[in-house]
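Novice: how does the following fold in three dimensions:
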Amino acid sequence: MSFTLTTPVTGGAQTGFTSPTYTIATDTAPSNTGKQYAVTALGGTQTGVDSSSSPSRPFTVTLSRPANLRGVPSVNQVTGILGSVPNNPYTIRVRKGCTVVTGQAPRIIDLTATLSVPAGADSADAANVRAALSLLIGTLNQISASIGDTLVTGVI
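Specialist: This next block holds a predicted model:
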């Protein structure tokens, strides 16, 4: 799998953060179809952020692919029509321990992005698969602070 992060990871812009970076180390993924990294240190200014991952307050990113990659089905020989095309869902998941009430056990923030690509598009239309991903990443980078503000204020 070519999902590989290098350390440090430069974080997206966030209100109140200055040049956030995350030093990561290889961790054990929950399945053999993924890779996981744990945050071991912070860079930049991130006041109030836990500086590393622990069992009760994880700070991890997990990248995974489907356990069984699906292929494009055959065209119906009678009708000449392509039937239902399955998708191959890839996921990127960030887990972060957080405090919801002071003095109580931490809870887990779970942010999951699913990248679902129709079987066959990888070979028949790779440029448009890449364009869709490029737009997604560009959008997230451009509005990173706005997304953070929305998650904190509830205002979209």
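Novice: the chain: helices as residue ranges?
Specialist: Under the criterion DSSP state H, the chain carries helices at the ranges 121-124, 126-142, 144-153.
Novice: which residues are contacting the longest one?
Specialist: The set of residues that contact helix 126-142 without belonging to it, under CB atoms under 8 Å, 6 or more residues apart in numbering, is 12, 115, 117, 121-122, 147. Quick note: C-beta positions are derived from backbone N, CA and C, even for glycine.
Novice: what do you get for the last one?
Specialist: The contact list for helix 144-153, computed with CB under 8 Å, 6+ apart, reads 12-15, 140, 155-156.
Novice: got the buried residues for that helix?
Specialist: 144, 147-149 (16 or more other CB atoms under 10 Å).
Novice: tell me which two of the residues you listed sit farthest apart.
Specialist: Greatest spacing in the buried residues of helix 144-153, by CB to CB: Ser144 and Asp149 (9.8 Å).
Novice: separate out the buried members of the contacts of helix 126-142.
Specialist: 117, 121, 147.
Novice: looking at the residues you listed, spot the one nearest Arg57.
Specialist: The closest of the buried ones among the contacts of helix 126-142 to Arg57 turns out to be Ile147 (CB to CB; 22.0 Å).
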